[in-house]
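In: Dropping a prediction and its sequence here:
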Amino acid sequence: MWGVAANRASREDPALTLTTEVGLLSGTWHGSEPVQAGDRVDVELEFARPRSWSEITAPVESTPRSMTAVRGTVSATFDDEVIGVIIGGAAVQLELDAPPPPDAVGRLVVLTVDDLEFHPTGL
């Protein structure tokens, strides 16, 4: 996913906010080099902790106002309790704490971004 850095981030100070096609996303920078405010970067999104199916299918109104949430669509399920989710133009793999339901593909999910990591792709 492409984004524009709203602030400087480095290994020493990794907090980063990106302006993306789905809005502002805040997370942790995991690049070997610092990113500067205004830089356009391509990143892979990673959600650090496993989610429960009930957590990601809860109505957006139940998400605490202090947390940012993004919507996505389940694109695939895998045998190892991982699902593929399309967020904007990005494909993300998300670990679940149990197998997803059989009808998961095509369903809308809402993910809180309280543990988001940005990994630069080098593009």
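Out: Alright, I've got the coordinates.
In: by contact count, what packs against the helix or strand residue 76 falls within?
Out: Taking DSSP states H and E as the definition, one finds residue 76 inside strand 69-78. On a contact count with 3 or more Cβ pairs under 8 Å, 6 or more residues apart in numbering; DSSP states H and E, strand 69-78 meets strand 82-87, strand 90-95, strand 108-112. (Each C-beta comes from the backbone N, C-alpha and C, glycine too.)
In: Can you list the helices and strands that the second one packs against?
Out: Counting contacts by 3+ Cβ pairs under 8 Å, 6+ apart, strand 90-95 packs against strand 40-47, strand 69-78, strand 82-87.
In: and the angle for the strand holding residue 76 with strand 90-95?
Out: Using axes from the mean of the first three to the mean of the last three Cα atoms, to 10 degrees, the inter-axis angle of strand 69-78 relative to strand 90-95 is 70 degrees.
In: quick one: average confidence on strand 69-78?
Out: Taken as a whole, strand 69-78 has an average pLDDT of 94.
In: Could I get the buried residue list for that strand?
Out: For strand 69-78, a neighbour-count test (16 or more other Cβ atoms under 10 Å) marks 69-70, 72, 74, 77 as buried.
In: do the same with stretch 89-96
Out: 90, 92-94, 96.
In: So of these, which two are at opposite extremes in space?
Out: Greatest spacing in these, by Cβ to Cβ: 90 and 96 (18.6 Å).
In: returning to that earlier point: out of the buried residues of stretch 89-96, which one sits closest to residue 109?
Out: For those, the nearest to residue 109 is residue 94 (8.1 Å; Cβ to Cβ).
In: Return the residues in contact with the closest one.
Out: Contacts for residue 94 (Cβ atoms under 8 Å, 6 or more residues apart in numbering) come out as 47, 51, 56, 82-85, 111.
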